[in-house]
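[1] make a model of this:
(chains A and B)
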Amino acid sequence: MSAALCIGRKSAEDVEDAGELRLGPDFDDANCLSLAEVKIVCESKVADDAEQAEETSTTRTRVFEKTLAYAKRFSGNTSSTAAAAIRELHNNSGLHDFEGAAISNLKPQDWDEAKTLVPSLEQEDRGLTEEGIQAMLDEMSNVRKFE
Amino acid sequence: MFFHVNLERNITLEPRHFGARMKAVLEEKLRHEVEGTCSGRYGFIVMVTRLAEVSEGVVTDDGTARAKFHIKYDCVVFRPFKGEVMDAVVTQVNKFGFFAEAGPLQLFVSNALITEDMQFDSSGENCYVSDDQQIRIQRDASVRVRIVGMRIDANDIFCIATIKDDYLGLIDFGSGGGI
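    So this is what the prediction gives:
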């Protein structure tokens, strides 16, 4: 890599800020996954391997093991139907994918907690209202409670 | 944050693999080469979920008769961002702060970024305890942190995080107990 590229990369890191929803060109339009969804993907891979009675290299990497343990610990007992319902909720609320996944991971109780943890919710001209977000948060905790 | 992204890579295959199972061999080789790796640009690659497109093979001109394939694939990656809030598990506590892990990512919270009412205590197991003894951050506790800085190496990412803000800090004490 040339020196110029290195410098270009460096300045790109400086403009990244999740609090203002600047994720850089590679991730601005990427699909975000919540921990519950990551857990579903990883566990289905483990189940596939078990079915075929062979261990693949995927499940043996340190990154995979750590990820699965992390997702299990912090995703709660969200089932795949609940995960789908939660995704539906934040998709319909006009949230960016990143904010939706962050809220579904961090499970804030109210608007104040949500906007502190995910400050981009408070940016102007997003059309997000306190009432709208609060209603979505209540709905999310209902989904979790009654699955 | 975890992402599902589309990436590309060139895979070189030896002639003995040319044949009916070629695509399976390519997929295996791709998984072997990318899964578990980390780059500053895309973060940690957790797993390949699908091969979206495999180009026709082009025999390389280095005289080895190997063929190069350009592969587009979908994968799950974990990429931290500055300003992001995430949960993590404490792995080590010392007087300079504590280390924690969020999946494959290592984090460090320096004692300057721990709330002032918490003091280091090494009388038993190393931990940070609040003045009223109610909050205790020790190994295996869950904490909620905000990333304030990242150090990106060729094949690792290391983050500096803070718990000095509203709604951050201890979530539960780990396997030993709970709130």
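
[2] just the CA trace of stretch A:47-65, in PDB.
    What follows is stretch A:47-65, C-alpha atoms only, in PDB (Å, rounded to 0.1, in the frame of the first residue of the first chain):
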ATOM      1  CA  ALA A  47     -26.500 -27.100  13.800                       C
ATOM      2  CA  ASP A  48     -25.700 -27.600  10.100                       C
ATOM      3  CA  ASP A  49     -22.300 -28.900  11.000                       C
ATOM      4  CA  ALA A  50     -23.700 -31.300  13.600                       C
ATOM      5  CA  GLU A  51     -26.200 -32.600  11.100                       C
ATOM      6  CA  GLN A  52     -23.500 -33.400   8.600                       C
ATOM      7  CA  ALA A  53     -21.400 -34.800  11.400                       C
ATOM      8  CA  GLU A  54     -18.300 -32.800  10.400                       C
ATOM      9  CA  GLU A  55     -16.700 -29.900  12.000                       C
ATOM     10  CA  THR A  56     -15.900 -27.100   9.500                       C
ATOM     11  CA  SER A  57     -13.100 -24.600   9.900                       C
ATOM     12  CA  THR A  58     -15.700 -21.800  10.400                       C
ATOM     13  CA  THR A  59     -16.800 -22.800  13.900                       C
ATOM     14  CA  ARG A  60     -13.200 -23.400  15.100                       C
ATOM     15  CA  THR A  61     -11.900 -19.900  14.700                       C
ATOM     16  CA  ARG A  62     -11.400 -17.800  17.800                       C
ATOM     17  CA  VAL A  63     -13.500 -15.000  16.300                       C
ATOM     18  CA  PHE A  64     -16.500 -17.300  15.800                       C
ATOM     19  CA  GLU A  65     -16.300 -18.800  19.300                       C
END
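
[3] just give the closest residue to the residue of chain B found nearest chain A, not the sequence neighbours.
    Going by CB to the nearest CB, chain A is nearest to B:Gly36 of chain B, at 3.0 Å. Every residue, glycine included, has its C-beta placed from N, CA and C. Of all residues not flanking B:Gly36 in the chain, A:Thr61 sits nearest, at 3.0 Å (CB to CB, 6 or more residues apart in numbering or on different chains).

[4] show me where pLDDT drops low in chain A?
    Low-confidence segments of chain A (pLDDT under 70): A:1-14.

[5] circling back: the residue of chain B closest to chain A touches A:Thr67, doesn't it?
    No: under the criterion of CB atoms under 8 Å, B:Gly36 makes no contact with A:Thr67, lying 10.0 Å away.

[6] three-state assignment of the residue of chain B positioned farthest from its centre?
    No residue in chain B sits farther from the centre than B:Gly63, which is 39.1 Å out by CA atoms, centre = their mean. With DSSP: H, G, I helix; E, B strand; the rest coil as the basis, the three-state label of B:Gly63 is coil.

[7] in chain A, what residue lies closest to chain B?
    Proximity of chain A to chain B (CB to the nearest CB) peaks at A:Thr61, 3.0 Å away.

[8] pretty sure that residue contacts B:Glu33?
    No: counting by CB under 8 Å, no contact exists between A:Thr61 and B:Glu33, whose distance comes to 11.6 Å.

[9] for those two, indicate the residue with more neighbours.
    Neighbour count, other CB atoms under 10 Å in any protein chain shown: between A:Thr61 and B:Glu33, A:Thr61 has more, with 20 against 14.

[10] measure that one to B:Val46 for me?
    8 Å (CB to CB, to the nearest Å).

[11] okay, and the common contacts of the two?
    Among the neighbours of A:Thr61, those also in contact with B:Val46 (CB atoms under 8 Å, 6 or more residues apart in numbering or on different chains) are B:Glu35.

[12] helices of chain B, start to end?
    Remark: helices assigned in chain B by DSSP state H are B:22-34.
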